[in-house]
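Engineer: Here's my sequence, what's the structure:
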Amino acid sequence: MKSDNRNYYFAIALSVLVVIAWNYFYAGPQMAKMRAQQAQTAAVTDTKNGTTPGAPGAIPQPSVNAPPQGGVAPQTPQTTKDRKDALADSPRVTIATPKLIGSIALKGARVDDIVLKDYRETPDPASANIELLSPANAPAPYYAESGYVAQPGVKIALPTADTLWTSSGGALTPSTPVTLTYDNGQGLVFHRTIAVDDEYMLTLSDTIDNKTAAPVALYPYALILRQGLPKTSGYSVLHEGYVGVIGDSGVQELTYASIEKEPKATKSLKGAGGWIGFTDKYWATALVPDQKQTFDGSFSARGTDQKVFQTDTLGEALTIPANGSAGTASRLFAGAKVTAVLDAYKKNLGIEKFDLLIDWGWFYFITKPMFFLLDGIYKIVGNFGIAIIAITFLVKAVFYPLANRSYTSMAKMKNAQPQLAALKERYPDDKAKQQSEMMQIYKREKINPVAGCLPMLIQIPVFFSLYKVLFVTIEMRQAPFFGWIHDLSQPDPTNVFNLFGLLPYNPTALPLIGHFLAIGIWPLIMGFSMFLQMKMNPEPADPVQKAMFAWMPVIFTFMLGTFPSGLVIYWTVNNTLTVIQQSIIMKRAGTKLELWDNITGLFRKKATT
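Structural biologist: Predicted structure coming up:
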């Protein structure tokens, strides 16, 4: 039975290794593939006809019209300008809020200049602020615009990307909205009042005055466009790309690559209420139409050398009566994916599932509570690293009764080894009798042979939920610990292969093998703590199992070297507490600890060799 017991530990360790490797190398890519297939099956079979920048164009039913394809000049050295010069191409209305700085272009009434005041490129406070939106002809155009398209065959002078609006004056602040006006000279006057809150939501309220003697029907549209393939993290654990919720569709997620697999590189949806946009790791933009109205939404891509990615909405027809007025309202989110902010928008504005702009994953019900727990402790202790350690202690305390039973059962199992060995001598050829007597011993000694699995198994959901939280939440971004850890969401910046910075080169930049050379101080400490944990139990007699246990700390050291340092700290503290906990429980049960004998045995064997 001793061999059977070791098999349990071997299975546990191997299972953890397989689960991590499976999630990293297989589950993520397969998840993306499955989402693409589901999207293709659910997509409405339609596509857009070719249009000119800023001009309306037709798409098949159910929509009678479509938003125009946003106009962006081809990215060539002759047309691309630096961001400052591109901003100077249009007169502007300044945006000044506690969280945002930027401007709105009066040419086209585009929101194309958004800079996040609270976030910088690096932990260095002197580094540049995050530039979220940029105008056309800048190095990476990324902007939002809205307007109207007419019914097919009806010629009306409508605002386009080249239309110059007039402003009521002043800067756009949370307390001072601005109004933009455009008169088409044919009896239609467009008024757009833009308001912004203290966070990242803009509200666009349009009123159209019809001074003609006939009613006019127009379709409101909005779009977000970005040109050039955005830089993504490239991890399967995180979605970056198109995202939205329209009606009852559920969360729709397409990557920049998977949109190409859709018919004509377009995915269309229709429903009442919802939102649609782009998400990066920490930032997002989203169109939020009137939540009581039915609208069409689509993701699309076009172009060859310079890809243009667009997400847009098209609302129901708005009829402006003769000598009357009518209007619409919509919202635009452009900012950081702060959990509390998105939750507040979901609750206060009634935007369904808006909190899912953050990719909480399939285990939302575990991951998000883990974040709230971590964030709540942080607000008390003031350091996310300390909060992670506190969570480790808390998890150990919560599961202590289970761990106590598990380790006590392990101790009883070890104490019963002489009796189990005697059964093999007493019934050498009768396996059935051995099993029967073995079960009697288990029952008499109150031994649960699988109890040793539980302490490891209960850590798996905690491990993955914490991994997700550290990886996707902006609250973890650039969160420092102590010493050399300035960002808990990033791997340990030190490296053993350049003697922790003494040698002037970056081992991780080496081709092919660089990814496996990210071994810093904390991963080394974690590996040592896992080594101690492995040595707490007798070494397996099976050579394969013995080799597996011997190499497992090394494998995990290399594997966790590229993981967020906050996760490595959690795993290190967890291993250390496990060693202490197991030592105390097994000593109390009168069972000899194998730790010292196993460690000294390594040196004795080496000396003998």
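Engineer: Quick check: which ranges of the protein have low pLDDT?
Structural biologist: Counting by pLDDT under 70, the chain contains low-confidence residues at 1-66, 70-79, 448-456, 458-459, 538-542, 545, 597, 601-609.
Engineer: per the record, what domains does it have?
Structural biologist: What automatic domain parsing lists as the domains of the chain is 75-230+239-359, 465-609.
Engineer: Turn those domains into a markdown table, columns for mean neighbour count and distance to residue 445.
Structural biologist: Placement of C-beta: from N, CA and C, glycine included. Putting the domains of the chain into a markdown table (neighbours: other CB atoms under 10 Å; distance: least, CB to CB, whole Å) gives the following:
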| stretch | mean neighbour count | distance to residue 445 |
| --- | --- | --- |
| domain 75-230+239-359 | 18 | 48 |
| domain 465-609 | 17 | 11 |
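Engineer: closest to residue 408 out of those?
Structural biologist: Judged by CB to CB, the one of these that comes nearest to residue 408 is domain 465-609, at 5.7 Å.
Engineer: returning to what we had before: reformat the domains of the chain into a markdown table and put distance to residue 411 next to each item.
Structural biologist: A markdown table is the format used below for the domains of the chain (distance: least, CB to CB, whole Å):
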| stretch | distance to residue 411 |
| --- | --- |
| domain 75-230+239-359 | 43 |
| domain 465-609 | 4 |
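Engineer: what are the ranges of the strands in the stretch 201-350 of the chain?
Structural biologist: 201-210, 216-227, 241-246, 251-254, 266-272, 274-279, 283-288, 294-302, 308-315, 318-320, 324-336 (DSSP state E, counting those that start in this stretch).
Engineer: Distance from the chain centre to the fourth one, please.
Structural biologist: Yep, that's strand 251-254 we're talking about. Distance of strand 251-254 from the chain centroid (CA atoms, centre = their mean, to the nearest Å) equals 13 Å.
Engineer: Can you tell me the strand partners of that strand and which way each runs?
Structural biologist: strand 241-246 (antiparallel) (DSSP bridges).
Engineer: Centre of the chain to the partner strand, how far?
Structural biologist: The mean C-alpha position of strand 241-246 is separated from the chain mean by 14 Å, CA atoms, centre = their mean.
Engineer: Number of residues surrounding residue 428?
Structural biologist: Other residues lying near residue 428 total 9 when counted by other CB atoms under 10 Å.
Engineer: cool, residue 390 as well?
Structural biologist: 18.
Engineer: OK, contacts around it?
Structural biologist: Residue 390 is in contact with 377, 381, counting by CB atoms under 8 Å, 6 or more residues apart in numbering.
Engineer: how about it, secondary structure?
Structural biologist: State at residue 390, reduced to three classes by DSSP: H, G, I helix; E, B strand; the rest coil: helix.
Engineer: Next one: it relative to residue 431, how far apart?
Structural biologist: Separation of residue 390 from residue 431 (CB to CB, to the nearest Å): 50 Å.
Engineer: try residue 400
Structural biologist: From residue 400 to residue 431 the distance is 38 Å (CB to CB).
Engineer: now swap in residue 264 and tell me
Structural biologist: Residue 264 sits 65 Å away from residue 431, going by CB to CB.
Engineer: ditto for residue 154
Structural biologist: Distance from residue 154 to residue 431, by CB to CB: 87 Å.
Engineer: And residue 250, by the same measure?
Structural biologist: 53 Å.
Engineer: what do you get for residue 180?
Structural biologist: Relative to residue 431, and taking CB to CB, residue 180 is found at 86 Å.
Engineer: hmm, back to that, to residue 369, which of the domains of the chain lies closest?
Structural biologist: Among these, domain 465-609 sits nearest to residue 369 (CB to CB), with 8.1 Å.
Engineer: show me the contacts for the most far-flung residue of the chain relative to its centre.
Structural biologist: Most distant from the centre of the chain: residue 426, at 59.2 Å, with distances by CA atoms, centre = their mean. With contact taken as CB under 8 Å, 6+ apart, residue 426 is in contact with residue 437.
Engineer: Relative to residue 419, how far out is it?
Structural biologist: For residue 426, the distance to residue 419 - CB to CB - is 10 Å.
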